[in-house]
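J.: I'll drop the sequence and a predicted model, then ask my questions.
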Amino acid sequence: MKGHDRGFWGSLAVIAGVLALFLLALLGSTAAHSSWSHLGKALVAPEILYSVKLSLFTCTVAAVGSVLFAVPIGYLLSRTTFRGRALLDAMFDIPIVLPPMVMGLCLLVFFQTPVAQAMEQWVRFTYQIAGVVLAQFIIAVAFAIRIMKQTFDHLSARPEEVAMTLGCTRWQAFHSVTLPSARRGMAAAFSVAWARSLGEFGPVLVFAGATRMKTEVLPTTVWLELSVGNLEAAVAVSLLLVIMAMAVLLVLRAIGEGGKLS
Amino acid sequence: MIAVENLSWSAGTFQLRDVSFTVPTGAYGVLMGRTGTGKTSLVEMICGLRRITAGRILIGRRDVSQEPPGRRRIGYVPQDGALFPTMTVREQIGFAPRRQQMAVGERDKLVEELAAATGVAHLLDRKPGGLSGGERQRIALARALAARPEVLLLDEPLAALDEETHGEMMALLKATQQRHGLTVLHVTHHRQEAETLAEVILRLENGVVVATERR
């Protein structure tokens, strides 16, 4: 590194270091406030165990659903120009810019309308597990769409066009050429949607409630434990959330890197 | 034969109007023109990747104007090769034969023949990452030939190559065209390329083909 560059890179390193240290301090102090015994106790409590299982299930369903919507929407926004595209693009950002609690309220109000009431004859959402999934999905999908749009923006359309001249329909070209190239983006969209869903609290609370052994997910557990003054359990569950999120993100990152290497 | 008759197309303020030209069967045509004159758009229209607003495109004696790209029997080699990022070279060259449901043995034989003819036999199990510009263009050419096209459209295929590779690729393109008896339309803005390769030179200026020169 040349001498005159040292100041530049050094100042960037200081900024990155300050934020990294602050995050480490936050996690460290939370970890220090808990103990293995608290964590062990939390893991054997049936309500918390239920909440862990429900969180794993709903986050996975919400993340899979997010990717299933994000891939075609991201592709549409990236590869086409049509009247109203910018408006549509901005609309998909609404869940990102709205306070999450407000999204939950919107869901609750929407499910009072006759159309949604008719839907609930088939699948019940309000204050149900399906409601937890929907509340997590509606926020997570917005992040997944951003990631997939950026992924397709960075992938040239040319290989797909060549595939079409080689006998593919557009669908076949998308499936055999573009989709495999976008798998790292899909893994990133899945992991961000999953992590986002894991931490979702406001919309879940408003739309699905906080009923123990029914619609209680891990952030709800933290809130319920805090509300009865059980700080140790709240901290232990928070730590559990951190560990789960880190583990899943590391696994997905490893899968993504594997995809890159192959 | 590649024949374009009274073709018109517009995008925003850019227009191609009443473009007509012919590259006779088995001839090597070179389309020249400055950057931004619509050469690539024209090639994409012949490929079927852009919809024309008026006129006709004929490949051989077939009017392909309304045909989807995959039915036009065109081999297309874009500027950067546009290799499929996740496929091995073997899979890339075998892509069209697989779509045409060619028997596996026949397909493998064709892939190996084309790889040998284009000088990429040693790369068959590699993926595109890390390949040189020349290697990518050779693979793109082999991939296009594997579809057994009637015509070959080359969109500035030599633009990103160094001088030595450039010369080798020109020789390969000419030899390939002669061996397969293909009608070729090669887009370039390099005079030397045109002089070396062309039997027919077309110039695109201000949205129209202004000169056709037979050699």
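T.: Structure received.

J.: From now on I want contacts and neighbour counts done on CA atoms only, so please keep to that.
T.: OK.

J.: Name the SS class of residue A:70, please.
T.: With DSSP: H, G, I helix; E, B strand; the rest coil as the basis, residue A:70 sits in helix.

J.: what number of residues lie near residue 23?
T.: Here I'm looking at chain A. 12 (other Cα atoms under 10 Å in any protein chain shown).

J.: other chain: chain B
T.: By other Cα under 10 Å, neighbour count at residue B:23 equals 23.

J.: List phi and psi for it.
T.: phi -110, psi 110 (degrees, to the nearest 10).

J.: So what does residue B:82 look like in phi/psi?
T.: Dihedral angles for residue B:82 - degrees, to the nearest 10 - are phi 50, psi 50.

J.: what pLDDT does it get?
T.: The per-residue pLDDT reported for residue B:82 equals 94.

J.: Give me the spatial nearest neighbour of it, chain neighbours excluded.
T.: Leaving aside its chain neighbours, residue B:82 sits nearest to residue A:159 (4.8 Å; criterion: Cα to Cα, 6 or more residues apart in numbering or on different chains).

J.: For whichever helix or strand that neighbour is part of, which helices and strands make contact with it?
T.: Using DSSP states H and E, residue A:159 falls within helix A:158-165. Applying 3 or more Cα pairs under 8 Å, 6 or more residues apart in numbering or on different chains; DSSP states H and E, one finds that helix A:158-165 contacts helix A:170-173, strand B:74-77.

J.: who's in contact with the first one?
T.: Residues external to helix A:170-173 that are found in contact with it (Cα atoms under 8 Å, 6 or more residues apart in numbering or on different chains): A:160-161, A:163-164.

J.: Just give me the residue right at the centre of the chain.
T.: Because you didn't say which chain, this covers chain A. In chain A, the C-alpha nearest the mean C-alpha coordinate belongs to residue A:193, at 2.0 Å (Cα atoms, centre = their mean).

J.: The chain in question should be chain B.
T.: residue B:153 (2.1 Å).

J.: Just confirm that one is within a strand.
T.: Yes. Counting by three-state DSSP, one finds residue B:153 located in a strand.

J.: Need the pLDDT of it.
T.: On the pLDDT scale, residue B:153 gets 96.

J.: hang on, it packs against residue B:184?
T.: Yes. With contact defined as Cα atoms under 8 Å, residue B:153 reaches residue B:184; the gap is 6.0 Å.

J.: export the helix holding residue A:159 as PDB, just CAs?
T.: Output in PDB follows, covering the C-alpha atoms of helix A:158-165 (Å, rounded to 0.1, in the frame of the first residue of the first chain):
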ATOM      1  CA  ARG A 158     -27.600 -11.900 -24.300                       C
ATOM      2  CA  PRO A 159     -27.000 -15.600 -23.300                       C
ATOM      3  CA  GLU A 160     -30.800 -16.000 -23.000                       C
ATOM      4  CA  GLU A 161     -31.300 -14.400 -26.500                       C
ATOM      5  CA  VAL A 162     -28.600 -16.800 -27.900                       C
ATOM      6  CA  ALA A 163     -30.500 -19.700 -26.300                       C
ATOM      7  CA  MET A 164     -33.600 -18.500 -28.100                       C
ATOM      8  CA  THR A 165     -31.800 -18.600 -31.500                       C
END
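
J.: low-confidence ranges in the chain?
T.: I went with chain A, as the question did not name one. A:1-3, A:255-262 (pLDDT under 70).

J.: you looked at the wrong chain, it should be chain B
T.: Using pLDDT under 70, the flagged stretches of chain B are B:211-215.

J.: Can you name the residues of it that neighbour chain A?
T.: Contact residues (Cα under 8 Å from any Cα of the partner chain) of chain B with chain A: B:47-49, B:69-78, B:82-86, B:95-96, B:99-100, B:144, B:147.

J.: residues contacting the residue nearest to residue B:82?
T.: By Cα under 8 Å, 6+ apart, the contact list for residue A:159 reads A:177-178, B:82-84.

J.: quick revisit: quickly compare the helices and strands packed on helix A:158-165 and say which is most buried.
T.: strand B:74-77 (a mean of 28; mean count of other Cα atoms under 10 Å in any protein chain shown).

J.: neighbouring contacts of stretch B:144-161?
T.: Contacts of stretch B:144-161 (Cα under 8 Å, 6+ apart): A:166, B:1-2, B:40, B:43, B:59-60, B:73-81, B:93-94, B:96-97, B:110-111, B:114, B:133-134, B:137, B:166, B:169-170, B:182-189.

J.: what do you get for stretch B:31-41?
T.: B:16, B:50, B:155, B:185-190, B:194, B:201-207.

J.: Buried ones from the residues you listed, can you make that a PyMOL selection?
T.: In PyMOL, this line selects whichever of those come out buried by 16 or more other Cα atoms under 10 Å in any protein chain shown:
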select buried, chain B and resi 16+155+185+186+187+188+189+194+201+202+203+204+205+207
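
J.: Just the ones in helices from the contacts of stretch B:31-41, please.
T.: Among the contacts of stretch B:31-41, the members falling in helices (DSSP state H) are residue B:194.

J.: List the residues that contact residue B:83.
T.: Applying Cα under 8 Å, 6+ apart, the residues near residue B:83 are A:159, B:92, B:128, B:136, B:139-140.

J.: Ignore what I typed, I meant residue B:88.
T.: B:124-128.

J.: What is the burial count for the nearest residue to it once chain neighbours are set aside?
T.: Using Cα to Cα, 6+ apart and skipping the chain neighbours, the partner closest in space to residue B:88 is residue B:127 (4.3 Å). The number of residues packed near residue B:127 is 19, by other Cα under 10 Å.
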